[in-house]
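A.B. asks: okay, sequence plus prediction incoming.
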Amino acid sequence: MSYVTHAQKDWIRMLYGQEKDHEIYQSMLEEFGKMVEKNVLPAEKKTEVQRAKNPYKEIHGKCKDEVANLKKEIKEILRNNPDESTRTDVVSDLFMDFLERTSDHIKREEKIPQEVYSGIAEGGLPGISFSEELGGMGFPFTLFAALLESLGKASPSIAIRYAISNTCAEGLRFNREEGQLSEKCEKILRELIAGQKLAAFCLTEGSVSGSNIMREMQTRAVLSPDKKHYIINGNKMWITNAETADVFAVFARTSDDPDHGISLFLVEKGQEGLRIGQVFEKRVVENSSLGEIIFKDVQVPLENVVGEIGSGARYGIRMLNSGRITIAALATGLAQRAFEEYMEIAVDGKKSAGRQLIEYDRTRAKVAEMSMEINAARDMTYRAAWLKQRFDSAPSSEEFLREYVIAGNAAKLKASLVAQKACDYLVKIGGASSIVKETHSLKHYLDSFLYFFGEAVPEVLENVISHMELKKYEVKKGK
């Protein structure tokens, strides 16, 4: 399985074939695909195999020496403690400590090693689409989308980690270009671009999410009496990169103004009062952390306020519009992988009545459908990425903004639905084998839900698209 498709190369050729850097872009795609195949895929597969194992057998197999030592310690305790209640307490504490160490050991085995993430960061992925002035590479956002597609094809867990951090960095970049970013926030932006730090997008809360979040947000930030910092209290829920983020882009209510009541703050890891709450065990994208962030009297310096107080809702929407293109790229990558694995089964795998499944019209119809839909999703995603670049070059253009927002939201909607369809077809052609842990098809299907829910469900995207199309119509009619 190749991790760079001809379609990805064709898009880069169509857009940049006449530019002097075209060969560099093509070479980067090729080399990135090889790196994904060599380093990322094996790490992802290892963790999948680890999770497929029986944890009790794992404990027995990997902790024989510890179990033997535990038995000796328990015998010693029983011999030296005549008081039964004391013996019970000591043995219980000893056993719980053993279980905790064992659990941590197994969890470490199930996670992708940090060096894989470090390799991607050192390879420059976080800074691909940012200017050289900011420490990036100054390459097109479309190329970044193509690289994300390849990464998402091998490991949605790793890909989503960088996609979310990029969403935050893109928002900060825009603030800087508007002259609304403090020196401290710009320093953090540069660290994100360099891959030295990772960001988390902290918008959703446990009691409210989706399109109502900006009006019903409960997390609050209050200016301190000495007016030197803001004090944040509240909880954020379902936050990607909860465990691994170095900086949290936190949206909090600073007033009850329905239109200008939300502000954006950068809260750094280790800040007093900031705590990681529950980290959820997921059935999807298991190597990416998803959890709760708790703020208890967190003091945020004024220099960590992003832009203007009260403009957080606008900044959040701006970040989401960019982030939805990256989600579309990841979903396209997953759909492409599901399609290629479907073809392996249809052409070289299972038979029915002595015939390969590809010989049946029904199978061929699904192959044609998936080919068409995946190409459409990719076309929409790369076009949206190109339209984002066009808007970035002329951010005052209302026309460019409308076209970019429509295309980005539509690409995310299309690609997420195509990923689900391709993964659904893969599960069904695999039959009963799809439900066992050792196969990947059901995992792909579950992973596709991340792209379905992430950065807005279809209903929200449809509302955004229809709203912007209405604006286009009204401008056309001179209303």
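C.D. replies: That came through fine. Numbers count the residues shown, from 1 in each chain.
A.B. asks: low pLDDT regions in the stretch 51-200 of the chain?
C.D. replies: For the stretch 51-200 of the chain, the stretches with pLDDT under 70 are 51-71, 73-75, 77-78, 81-110.
A.B. asks: contacts for stretch 356-364, please.
C.D. replies: Contacts to stretch 356-364, defined as C-beta atoms under 8 Å, 6 or more residues apart in numbering, come from residues 343, 345, 346, 347, 348, 349, 350, 351, 352, 367, 429. (Glycine included, C-beta is placed from N, CA and C.)
A.B. asks: which stretches in this structure count as strands?
C.D. replies: 199-202, 220-223, 229-240, 247-253, 262-268, 274-279, 290-301, 305-306, 351-352, 355-356 (DSSP state E).
A.B. asks: check the ones you listed for me: which has the lowest mean pLDDT.
C.D. replies: Lowest mean pLDDT within the strands of the chain: strand 351-352, a mean of 77.
A.B. asks: let me see the domain layout of this structure.
C.D. replies: 53-110, 199-310, 313-476 (automatic domain parsing).
A.B. asks: ok now stretch 27-44, how far from the chain's centre?
C.D. replies: When distances are taken as C-alpha atoms, centre = their mean, to the nearest Å, stretch 27-44 is centred 18 Å away from the chain's centroid.
A.B. asks: what's it in contact with?
C.D. replies: With C-beta under 8 Å, 6+ apart as the test, stretch 27-44 has contacts from 2-4, 8-9, 12, 112-113, 116, 119-120, 123, 125, 139, 143, 146-147, 150-151, 153-155, 157-158, 287.
A.B. asks: next one: the residue positioned nearest the centre of the chain from residue 406, what distance?
C.D. replies: The centre of the chain sits closest to residue 160, judged by C-alpha atoms, centre = their mean, with a distance of 2.2 Å. Separation of residue 160 from residue 406 (C-beta to C-beta, to the nearest Å) stands at 24 Å.
A.B. asks: what does residue 16 give?
C.D. replies: The value you get for residue 16 to residue 406, if C-beta to C-beta is used, is 23 Å.
A.B. asks: picking that back up, residue 22: which of the strands of the chain is closest?
C.D. replies: The closest of these to residue 22 is strand 199-202. By C-beta to C-beta, the value is 31.0 Å.
A.B. asks: which strands and helices sit next to that closest one?
C.D. replies: Under the contact criterion of 3 or more C-beta pairs under 8 Å, 6 or more residues apart in numbering; DSSP states H and E, strand 199-202 touches helix 156-177, strand 229-240, strand 247-253.
A.B. asks: ok, residues contacting stretch 145-152?
C.D. replies: Residues contacting stretch 145-152 (C-beta under 8 Å, 6+ apart): 3-4, 8, 11-12, 28-29, 32-33, 36, 40, 120, 125, 128, 158-160, 162-163, 325-326, 328-334, 336, 378, 381-382, 385.
A.B. asks: quick one: which of those residues sit in helices?
C.D. replies: Among these, the ones falling in helices (DSSP state H) are 8, 11-12, 28-29, 32-33, 120, 158-160, 162-163, 325-326, 328-334, 336, 378, 381-382, 385.
A.B. asks: circling back to that earlier point, report how many residues lie close to the closest residue to the residue nearest to the centre of the chain other than its chain neighbours.
C.D. replies: Leaving out its chain neighbours, the residue that sits closest to residue 160 by C-beta to C-beta, 6 or more residues apart in numbering is residue 288, at 5.1 Å. By other C-beta atoms under 10 Å, the residues close to residue 288 number 23.
A.B. asks: confidence score at residue 288?
C.D. replies: Listed pLDDT for residue 288 reads 86.
A.B. asks: just send the domains of the chain back as a markdown table, with distance to residue 44 too.
C.D. replies: Listed next are these as a markdown table, based on distance: least, C-beta to C-beta, whole Å:
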| stretch | distance to residue 44 |
| --- | --- |
| domain 53-110 | 11 |
| domain 199-310 | 7 |
| domain 313-476 | 10 |
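A.B. asks: relative to residue 181, which of those domains is closest?
C.D. replies: For these, the distance to residue 181 is smallest for domain 199-310, at 7.0 Å, taking C-beta to C-beta.
A.B. asks: how near is the nearest residue to residue 339 once chain neighbours are set aside to residue 425?
C.D. replies: Leaving out its chain neighbours, the residue that sits closest to residue 339 by C-beta to C-beta, 6+ apart is residue 370, at 4.8 Å. For residue 370, the distance to residue 425 (C-beta to C-beta) stands at 7 Å.
A.B. asks: what touches both of the two?
C.D. replies: residue 342.
A.B. asks: what about the residue nearest to residue 228 when sequence neighbours are not counted, how many residues close to it?
C.D. replies: Leaving aside its chain neighbours, residue 228 sits nearest to residue 302 (6.7 Å; criterion: C-beta to C-beta, 6+ apart). By other C-beta under 10 Å, the residues close to residue 302 number 15.
A.B. asks: so who does residue 302 touch?
C.D. replies: Neighbour list for residue 302: 182, 228, 229, 230 [criterion: C-beta under 8 Å, 6+ apart].
A.B. asks: neighbours of the third one, just the number please.
C.D. replies: Just to be clear, that refers to residue 229. 18.
A.B. asks: for residue 299, see how far away it is.
C.D. replies: Distance from residue 229 to residue 299, by C-beta to C-beta: 5 Å.
A.B. asks: next one: the last one
C.D. replies: From residue 230 over to residue 299 the distance is 8 Å, taken as C-beta to C-beta.
A.B. asks: higher neighbour count, the two?
C.D. replies: Between residue 230 and residue 299, residue 230 has the larger neighbour count (other C-beta under 10 Å), namely 23 against 15.
A.B. asks: closest one to residue 167 among the domains of the chain?
C.D. replies: Among the domains of the chain, the nearest to residue 167 by C-beta to C-beta is domain 313-476 (3.5 Å).
A.B. asks: ends of the closest one, what's the gap?
C.D. replies: Domain 313-476 has an end-to-end distance of 28 Å (C-alpha to C-alpha, to the nearest Å).
A.B. asks: what's the answer for stretch 301-320, then?
C.D. replies: Stretch 301-320 end-to-end distance (C-alpha to C-alpha) = 25 Å.
A.B. asks: now residue 449. Nearest residue, chain neighbours left out?
C.D. replies: Excluding the flanking residues, the one nearest residue 449 by C-beta to C-beta, 6+ apart is residue 284, at 5.5 Å.
A.B. asks: could you measure from the one you found over to residue 290?
C.D. replies: Taken as C-beta to C-beta, the span from residue 284 to residue 290 is 9 Å.
A.B. asks: repeat that for residue 391.
C.D. replies: Taken as C-beta to C-beta, the span from residue 391 to residue 290 is 30 Å.
A.B. asks: cool, residue 174 as well?
C.D. replies: Between residue 174 and residue 290 the distance is 26 Å, computed by C-beta to C-beta.
A.B. asks: what count of nearby residues applies to residue 402?
C.D. replies: Neighbours around residue 402, by other C-beta under 10 Å: 18.
A.B. asks: wait, I meant residue 295
C.D. replies: 25.
A.B. asks: next up, the contacts around the closest residue to residue 254 other than its chain neighbours.
C.D. replies: Leaving aside its chain neighbours, residue 254 sits nearest to residue 263 (4.4 Å; criterion: C-beta to C-beta, 6+ apart). Residue 263 makes contacts with 221, 230, 251-254, 305-306, 308-312, as judged by C-beta under 8 Å, 6+ apart.
A.B. asks: which members of those are classed as buried?
C.D. replies: 221, 230, 251, 252, 253, 254, 305, 306, 309, 311, 312 (16 or more other C-beta atoms under 10 Å).
A.B. asks: what is the nearest of those to residue 295?
C.D. replies: Of the buried ones among the contacts of residue 263, the one sitting nearest to residue 295 (C-beta to C-beta) turns out to be residue 252, at 8.0 Å.
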